[in-house]
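>>> pasting the sequence and the predicted model now:
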Amino acid sequence: MASLNSHAKDLSRFWQGKILWDIPMAQFSTLKVGGPAEAVISVENIEDLTRLHHWLKENDIDWWIVGRGSNILVPDKGLTGVIIVLAGEFRSIEKLSIKPLSSGEEKVLIRAGGGCSLSKLVSYCTAQSLTGLEFGVGIPGSIGGAIVMNAGAWGCDIGSLVDSAILMDSDGNIATKQGKNLGFLYRKWSMGKNTILLSATLAFRPGNKENIKDTCRKYQELRHNNQPVAEASAGSFFKNPPDDSAGRLIDEAGFKGFSIGGAKVSETHANFIINTGTASAANILDLMHVIQQEILKRFGIKLEPEVHILGGGLNQS
Ligand SMILES: Cc1cc2nc3c(=O)[nH]c(=O)nc-3n(C[C@H](O)[C@H](O)[C@H](O)COP(=O)(O)OP(=O)(O)OC[C@H]3O[C@@H](n4cnc5c(N)ncnc54)[C@H](O)[C@@H]3O)c2cc1C
């Protein structure tokens, strides 16, 4: 795989839509760090995505899918190749069907595009009195990013709601997969590198609108009380080790408030690394390494980042 370099002119001839050249990835990441991407392209529908995918493959160019950028860390040197953002039809929500369950209850199947924001789907479900996604309130991701990350909170995760998903594999082939075959684990799915989630069908149950609203309100309040929601971050930086909490370990090691350059361990929640305004990606990576080394030394536990560190020419999703 290669950078765009000599192919930039070919790309502008090939792609009829808008191309953003040399745009700082800090604009596409909630951590607000990251150097320039060679090109950023918003794709509106499956046909255009298929064409672009084919062109990138044919020319052996690196590419990356970025959703809402709420779980990525982009290096200061930026990213080679093309950043693909799913827009247009990929942001739609559609009610498919209502199916009776053997328990006498019903499940309601809703399809959401990979580029649709999770908060839009939470609002949709609330308006339709559908329960199941309340935990997603305050998670600032897209459906694609949420499914790749198996995003979750308060003991629930999105993987358990996925009935099926339409995926594009690394060769550009499109297929529907059952949710149970996506290999959901703690904060990840198990699909191959460079698999793109085009859309997902999620199963919800009919609920009481006021109860749904109350639950969302409660979860928002918990976030506002326990997380630095107004600061630039990527949410929890490290995965929780089995039967433990990364935040507890980092707090116990005395890191709250510790900073390197503009990157700081939040005083509110020790598993949040925040950009105080002047952080570079290098500051954040240095802080990450210092924390990892200390936690390993003190507790014998290797903390793994939950945040996807993009770079090195590979799409790590
Ligand atoms: C304040 C805050 C609070 C948060 N709270 C939570 C929480 O409670 N629980 C939780 O789980 N997470 C939380 N997060 C992390 C983050 O919001 C979630 O992981 C979210 O689901 C990521 O979605 P995204 O669209 O931003 O993904 P991105 O950050 O854009 O991408 C993440 C990865 O997914 C890949 N990707 C994105 N879209 C697609 C697609 N369509 N197909 C294939 N790959 C794709 C990217 O290439 C990348 O590897 C929080 C983040 C913040 C900033």
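Now that the structure is in, tell me what you want to look at. Residues are numbered from 1 along each chain as shown.

>>> count the neighbours of Gly17 for me.
Residues near Gly17, counting by other Cβ atoms under 10 Å, number 12. For every residue, glycine as well, the C-beta is placed using N, CA and C.

>>> quick check: it touching Arg51?
No: Gly17 lies out of contact with Arg51 (Cβ atoms under 8 Å); the separation is 10.7 Å.

>>> overlap in contacts, these two.
Taking Cβ atoms under 8 Å, 6 or more residues apart in numbering as the criterion, Gly17 and Arg51 do not both touch any residue.

>>> so what's Ser6 scoring on pLDDT?
Among the per-residue scores, Ser6 holds a pLDDT of 82.

>>> any idea how far Asn226 is from it?
Distance of Ser6 to Asn226, given as Cβ to Cβ, to the nearest Å: 50 Å.

>>> check Ser170 too.
39 Å.

>>> go on, Val148?
The gap separating Val148 from Asn226 is 25 Å, by Cβ to Cβ.

>>> looking at those two, which is more packed in?
Remark: of Val148 and Asn226, Val148 carries more neighbours, 25 against 12, as counted by other Cβ under 10 Å.

>>> which strand or helix spans the more buried one?
In this structure, Val148 sits in helix 143-149 according to DSSP states H and E.

>>> tell me how far that helix lies from the chain's centre.
Put simply, helix 143-149 sits 5 Å off its chain's centre (Cα atoms, centre = their mean, to the nearest Å).

>>> again with stretch 258-270
Counting by Cα atoms, centre = their mean, stretch 258-270 comes out at 22 Å from the chain centroid.

>>> quick one: contacts of it?
With contact meaning Cβ under 8 Å, 6+ apart, stretch 258-270 is reached by 226-228, 231, 233, 236, 246-248, 250-251, 255-257, 272-280, 282-284, 286-287, 290-291.

>>> tell me which of those residues fall in strands.
Mapping the contacts of stretch 258-270 onto strands (DSSP state E) picks out 273-275.

>>> can you give me the helices for the stretch 151-300 of the chain?
If DSSP state H, counting those that start in this stretch is used as the criterion, the helices of the stretch 151-300 of the chain fall at 209-226, 246-252, 281-299.

>>> which is the next helix or strand following the last one?
Moving toward the C-terminus from helix 281-299, the next helix or strand (DSSP H and E) is strand 308-309.

>>> who in the chain is up against the ligand?
Residues of the chain that fall close to the ligand, judged by Cβ under 6 Å from any ligand atom: 30, 64-72, 86, 114, 139-142, 144-146, 148-149, 151-153, 196-197, 229, 233-235, 308, 315-317.

>>> in stretch 273-287, what's buried?
Neighbour-count burial for stretch 273-287 flags 273-275, 279-281, 283-285, 287 (criterion: 16 or more other Cβ atoms under 10 Å).

>>> return the distance of it from the chain's centre.
With Cα atoms, centre = their mean as the basis, stretch 273-287 stands 19 Å off its chain's centre.

>>> quick one: mean pLDDT over the helix holding Val148.
In this model, helix 143-149 has a mean pLDDT of 98.

>>> show me what it is packed against.
helix 118-127, strand 196-206 (3 or more Cβ pairs under 8 Å, 6 or more residues apart in numbering; DSSP states H and E).

>>> got TSV for these, with distance to Gly179, mean neighbour count and mean pLDDT too?
Output for the helices and strands packed on helix 143-149, formatted as TSV (distance: least, Cβ to Cβ, whole Å; neighbours: other Cβ atoms under 10 Å; pLDDT from 0 to 100):
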stretch	distance to Gly179	mean neighbour count	mean pLDDT
helix 118-127	15	19	98
strand 196-206	8	22	97
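
>>> just tell me which of those ends up closest to Gly35.
Gly35 lies closest to strand 196-206 among the helices and strands packed on helix 143-149, at 23.7 Å (Cβ to Cβ).

>>> residues making contact with the closest one?
Contacts with strand 196-206, where a contact means Cβ under 8 Å, 6+ apart, come from 46, 49, 53, 65, 84, 86, 90, 96, 105-114, 121, 125, 129-133, 143-144, 147-148, 158, 161-168, 174, 179.

>>> ChimeraX command for the buried members of these?
Selecting only the buried entries of those in ChimeraX, with 16+ other Cβ under 10 Å as the criterion:
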select :46,49,53,65,84,86,90,107,108,109,110,111,112,113,114,121,125,129,130,131,132,133,143,144,147,148,158,161,162,163,164,165,166,167,168,179
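
>>> for the ligand, what's the nearest residue on the stretch 201-317 of the chain?
Using Cβ to the nearest ligand atom, the single residue of the stretch 201-317 of the chain nearest to the ligand is Gly235, 2.4 Å away.

>>> quick one: contacts for that residue?
When contacts are counted by Cβ under 8 Å, 6+ apart, Gly235 touches 70-71, 139-140, 227, 272, 306.
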